[in-house]
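Participant: with the sequence up front, the predicted model follows.
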Amino acid sequence: MRNNLWACTAMMLVLAACQERADLPNPVQDTASITKQVTTKTPGYSATRNAYFGDLHIHTKNSFDAYIFNVRTTPEDVYRFALGETLTHPSGFEMTMDGPPLDFVAATDHGAYMGVLPAMDNPDSPLSDLELAKKMFGAKDQNAIIRNFQTVGQSVRSGIPLPGMYDRDLVDRTWQGAIDAADKYYRPGELTTFAAYEFTAVTTRKDSGGTFAGGNLHRNVVFENNAPDRLFSVLESKNPEDLWDWMDDERSAGRDVLAIPHNSNVSDGQMFDLIKYEGGEIDAEYTSQRLRNEPIIEMTQVKGTSETHPTLSPNDEFANFEIYELLLGSAIKSKINGSYLRESLARGLALEDATGTNPYAFGLIGSSDSHVAGGAYTEKDYWSKVGIVDGTAAERGSVPPNGAKSWEGVERDINAENWFSKWGASGYAAVWAEENTRESIFDAMKRRETYATSGPRMRVRFFGGDMTADMLEATDMAAQGYSAGVPMGGNLTIDTAPTFMAWAARDPRGAPLERLQIIKSWNTADGAQEAIYDMACSDGAVPDEATNRCPDNGARVDLSTCIPSSGEGDPELKAVWTDPDYIAGMSAAYYIRVLENPTCRWSTWDALRAGVERHPDLPATIRERAWSSPIWTSSK
Amino acid sequence: MIKLIREPFVHFVILGGLLFVGHALWQRHVTKSDHTIFISPAEMERQAQIFATENRRQPTDADLEGLLFAHVEEQVLMREAQRLGLDSDDTIIRRRLAQKMRFMIDDIGVPPLPPRDDLRTWFEANPAEFMRPETRSFEHIYLSPKGKSDTVVSEAKTLLSSGIDAAWESQGDAFMTGRKFSKLAAPAVQRDFGTRFATDLFALPNNREWQGPINSAFGVHLVRLTEVTPEILPMFDTILPEVEAVWLDQAKRTENTEALKKLILKYRVEVGE
C-alpha cells in the first residue's frame, strides 16, 4: 500500500538485521533450501507485511466422507466459494460467505480413496460393479448406506486397502485434478491457492466396546508450488513419521511442503504425546524431523478448539470455549493430556531439554474443515460441516426435533446431542506476509508468523524484544516492532525479564474487543505450568494488580434479538508488557489471546430464526477470539 | 481342350480357385501380422525410463524382463478383447475416444488476430469486459474513541477547522494498517474499514483538502483524497495485450463451438419414443 521505495529498502535492511539476531534454530533455516523464482511484487506488497485471511482445510465430493453425505461440489467450487460465489448445500439451500473474499485457500480432500466414491456411484465406471458399491449406493435408507460405508472408514483406519476399491490410477488422476484446480484459480495478489490433501491417520482404542473410537492424528499436507504426481496416504502407511520421511524426500526433490495437524482435541492424547507413534522414546532425530515438517497446527475448527481444556486450566475463566471431546464416531471422551496446545507448549520445552530441539514449537492457524466445499465461519449464518445429516437446525440440535417449539420432554437426537450441537462456527487462518502469493504466504507459515481466529477477521500484531511503551503511539509501530525484536513465531534469547508488544484491531464486521491477554507456558519438574495476564482492558479499565485480570466490561447481548444490550468494548487494544514473574534461566512460550464482547452462538441464532426455545444446555453466547503464534524465550 | 478353355464355366472355376488361394494367402499374412507383437528398442527404453522415475533407480535385467512380460500381457489381452468386440460398447473407451476427438478440435490452433481497426471496433462494442472500477487514494488521521467516545467527533472537527499542516503524519492516533492508502476500490475499503466508511469515502467531493470527520468501525477519521480515478474504460492502445488476450479467448471458444457444431450437423439425430 505504501509506495515509498526508500522506506521499503530501509525495512529490508531492518528485517535482515533482526533475522541475524535470532540465535536459536529457525524452522526456515532448518529446511533444505529450495531455489525460488524471483518475481515482481504484486499490488499491495508491504515490507512490514499485511494480514491475510484464509482457510486451509476444505473437503469436496472427492472425500469419501463427503460424497456419502450427498456432497457433489468440486475443488474448483472451493475456489469459487472463496472468491465470493454462491454454492448449493447438499440439503438444497444456498451458501455464500458472509464477508469479503478469502485471501488464500486450499481444497484438502482425504488422500485415501480420493475420488473413488464418486466413481463407485457412477454406473459408467467399473468400480460401480463392486459389491460394496451396490450395497452403499443401492440402499434405500440412510442408515443402511452409512452402515455399509463404515467398511470404507474401517479401511482408512486400518490403513489396509480394500481389494478392488483402491484404484490407484483413479486416485492419481483425482489428485492431478486437484493440483490443476489450484493452479487454475491462483491469482497472485488476489487469491493464493495451494495443492493440498489430508493424511487421515486414526488410532483405534482396544477397549471401545463395539464402536471404533478413533484417535485423530489427521494432518493436511500443503505444497508450496510444485506438487508430486502421487500423494502419500494412510494406505501407504498410517505412521505420521513415515509421512515426514516422504515429505523430506519431496523437499529434496524441490517440492516444498508442510503438514498441518488438526483436531488434537480428539487425538486421545496422542497428537502431542511424549512417546513415538509406535512407542519408544522421542529422540533428537524425531524432534528435528517433526519441527521441520510441522511448523504450524490448526488449533481451531468446526470440530472444536484445541487451545486448552478447563481441566488443564482451572484458573482460565475463558478456557471453556467450543470444547469438543468425543473420539471420532463415538461417545467416548478423548484423553485430555497430550491433546491441547497450551500443555504441549510446555511439553515441547521439556523435550527440547532432553533432545536439543523443541518438536512442539508450533505456530497457530484456524480453518473450517468444511465438507461441503465452503466454510461456515459466521455464527449468524452457520451450516455445520458434514452434508445432508447436519444441514438443518433440527438435525444439528439447535432447535427441537419434529417441529416442537420447546425442549420440554422431547426426545433428543443422539447424534445432534453428542456431536453436531457441540461443533462451532470456526475458524480462519491468518498470516502476516509481504504479499498475497504462494511464496510469501508459505514462508510466513514456515516462520510461524501466523495466528488463528474463531471466525472474525481481527488483526493481531505481536512482537518480543526491546519494546518500549512509546512504540504503541508511533505511526510506524510495526516497523519498530520488527527492528526491535521478533514477531510472533520467533525465538528470543534473553537474560532479563522479556518484554512484549501486542496490538489487536477488531474486525469491522465483528464485535468490539473486550480484553487482550498474554498467556505463558513453561515446564518444571512438576510438569506443565501456565499463567494468564490481561495486558489491556476495554472501556478505560486497567488490569487488577493482584489478579492480573480486567474487570468485566459489562457487555451483554439481548438473547431475544442477538443485538448488544449494554456495554461498549474497544475498536482496538494495545499494550507493552514485561513479565513480572520471570524466572531466570527458565525457557517459556508466550502467546496472545484477544477476546471480543459476547455475541450469540450459532445455536442461539438458529433458534431465534425458527422462533423456538433455545437449547437449554448449549451456551447462549460465545466470546469470539484470536490466538497468536507464540514467541519462545530462552536464556543466553 | 481349346473348347474347354473357351468355356465360361471353366473360367469361372479357375478364377474362383485363384481368388480362393489368393484370399487364403492374404489371410495367412494378415493373421501372422495380427499375432506378432513387435517391441521396438524405443518402446523398451520408454518403459525403462518410467520405471526409473517411479522407483528412483535404474531397472535391473530382471526388472526389464518383468516390464517386457507385462507389456506383452497387456498387448495380448487388449488384442483378444478387440477380437471379441469388447471395445464396441464400453463407456470408458467411448468417453476416451470422444475426449481425444474434443482435444483434436480444441487444438486446431490459435485463430489469427483481426486487423487492429477491427479489434478496436470489437473493443468498443464490449466495454464491460475492460471497465475499471473507481479507485481512491487517500491519507487519513485516525482518532481513537478510547476513553473519549463522547468528545472524539468534536475533537476531530476542531482539528479540521484549526487547519492541518505538513506535520499531519504525527497527528491523531496510530492506525494498524497505516495512514496512506493507494488506489483502493470500494470492496477493499469496505474490507479494511467497514461498510459505513467505504460509503462515506466514495461520497466525498473530489478535492485535495482535508475532509470529514467520517466514522468507521475503529473510530473517527479526517481524510484527504490524494487521487481519484473514476470508473473508466482504458484507452484501447494502453491495454492492447489484454484486449488481444480476451479476444483470442473468446474467438477460440467460438471456433471450438463452431467446429463441434459442424460435426454434429453431419448427423441426423433421432430421439426414440
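Facilitator: It's in. Values in this document were obtained by computation on a predicted structure and should not be read as measured data.

Participant: how close does the residue of the stretch 1-150 of chain B found nearest chain A get to residue B:83?
Facilitator: Chain A sits closest to residue B:91 of the stretch 1-150 of chain B, with a gap of 3.9 Å, by Cβ to the nearest Cβ. (C-beta placed from N, C-alpha, C; glycine too.) Counting by Cβ to Cβ, to the nearest Å, the gap from residue B:91 to residue B:83 is 20 Å.

Participant: export stretch A:409-417 to PDB, keeping only CA atoms.
Facilitator: Output of stretch A:409-417 as PDB, limited to C-alpha atoms (Å, rounded to 0.1, in the frame of the first residue of the first chain):
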ATOM      1  CA  GLY A 409     -40.000 -33.600  27.300                       C
ATOM      2  CA  VAL A 410     -38.800 -34.000  23.700                       C
ATOM      3  CA  GLU A 411     -36.600 -37.000  22.800                       C
ATOM      4  CA  ARG A 412     -33.300 -35.500  21.600                       C
ATOM      5  CA  ASP A 413     -31.500 -36.900  18.600                       C
ATOM      6  CA  ILE A 414     -28.400 -38.700  19.900                       C
ATOM      7  CA  ASN A 415     -26.000 -37.600  17.100                       C
ATOM      8  CA  ALA A 416     -27.100 -34.000  17.300                       C
ATOM      9  CA  GLU A 417     -26.800 -34.100  21.000                       C
END
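
Participant: run through who's touching that stretch.
Facilitator: A:389, A:390, A:394, A:395, A:396, A:397, A:400, A:401, A:402, A:404 (Cβ atoms under 8 Å, 6 or more residues apart in numbering or on different chains).

Participant: buried subset of those?
Facilitator: Among the contacts of stretch A:409-417, the ones that count as buried by 16 or more other Cβ atoms under 10 Å in any protein chain shown are A:389, A:390, A:394, A:395, A:396, A:397, A:400.

Participant: which of those residues sit farthest apart?
Facilitator: A:389 and A:400 (17.4 Å; Cβ to Cβ).

Participant: now do the same for stretch A:316-324: mean pLDDT, whole number.
Facilitator: Taken as a whole, stretch A:316-324 has an average pLDDT of 97.

Participant: go ahead and confirm residue A:80 touches residue A:95.
Facilitator: No: at 11.2 Å, residue A:80 does not count as touching residue A:95 under the criterion of Cβ atoms under 8 Å.

Participant: any common contacting residues for those two?
Facilitator: With Cβ under 8 Å, 6+ apart as the test, residue A:80 and residue A:95 both reach residue A:87.

Participant: who has more neighbours, the two?
Facilitator: residue A:95 (21 against 18; other Cβ atoms under 10 Å in any protein chain shown).

Participant: closest one to residue B:260 out of the contacts of stretch A:409-417, please.
Facilitator: Of the contacts of stretch A:409-417, the one sitting nearest to residue B:260 (Cβ to Cβ) turns out to be residue A:389, at 41.3 Å.

Participant: test my guess that the closest one contacts residue A:69.
Facilitator: Yes: using Cβ under 8 Å, residue A:389 makes contact with residue A:69 at a distance of 5.8 Å.

Participant: follow-up on the earlier one: the closest residue to the residue of the stretch 1-150 of chain B closest to chain A other than its chain neighbours - how many residues pack around it?
Facilitator: Beyond its immediate neighbours in the sequence, the residue positioned closest to residue B:91 (Cβ to Cβ, 6 or more residues apart in numbering or on different chains) is residue A:124, lying 3.9 Å away. By the criterion of other Cβ under 10 Å, residue A:124 has 12 neighbours.

Participant: how far away is residue A:124 from residue A:168?
Facilitator: According to Cβ to Cβ, residue A:124 stands 19 Å off from residue A:168.

Participant: then residue A:399?
Facilitator: Residue A:399 is 45 Å from residue A:168, where distance means Cβ to Cβ.

Participant: residue A:386 now?
Facilitator: Residue A:386 is 27 Å from residue A:168, by Cβ to Cβ.

Participant: shouldn't residue A:259 be within a helix?
Facilitator: No: according to DSSP: H, G, I helix; E, B strand; the rest coil, residue A:259 belongs to no helix; its state is strand.

Participant: state the pLDDT value of it.
Facilitator: 98.

Participant: show me what contacts the residue lying closest to it once chain neighbours are set aside?
Facilitator: Spatial nearest neighbour of residue A:259, chain neighbours left out: residue A:219 (4.2 Å); criterion: Cβ to Cβ, 6+ apart. Applying Cβ under 8 Å, 6+ apart to residue A:219 gives the contacts A:198, A:199, A:201, A:240, A:243, A:259, A:260, A:261, A:262, A:294.

Participant: burial measure for residue B:80, as a count.
Facilitator: Neighbours of residue B:80 (other Cβ under 10 Å): 10.

Participant: ugh, typo on my part, it should be residue A:355
Facilitator: Counted with other Cβ under 10 Å, residue A:355 comes out at 17.

Participant: tell me the residues of the stretch 51-200 of chain B that contact chain A?
Facilitator: Proximity of the stretch 51-200 of chain B to chain A (Cβ under 8 Å from any Cβ of the partner chain) is limited to residues B:91-92, B:95, B:144-147, B:149, B:169-170, B:173-183, B:187, B:190-195, B:197.

Participant: buried among these? Make that a ChimeraX selection.
Facilitator: To isolate the buried ones among those in ChimeraX, judged by 16+ other Cβ under 10 Å, type:
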select /B:144,145,146,173,174,175,176,177,178,179,181,183,190,191,192,193,194,197
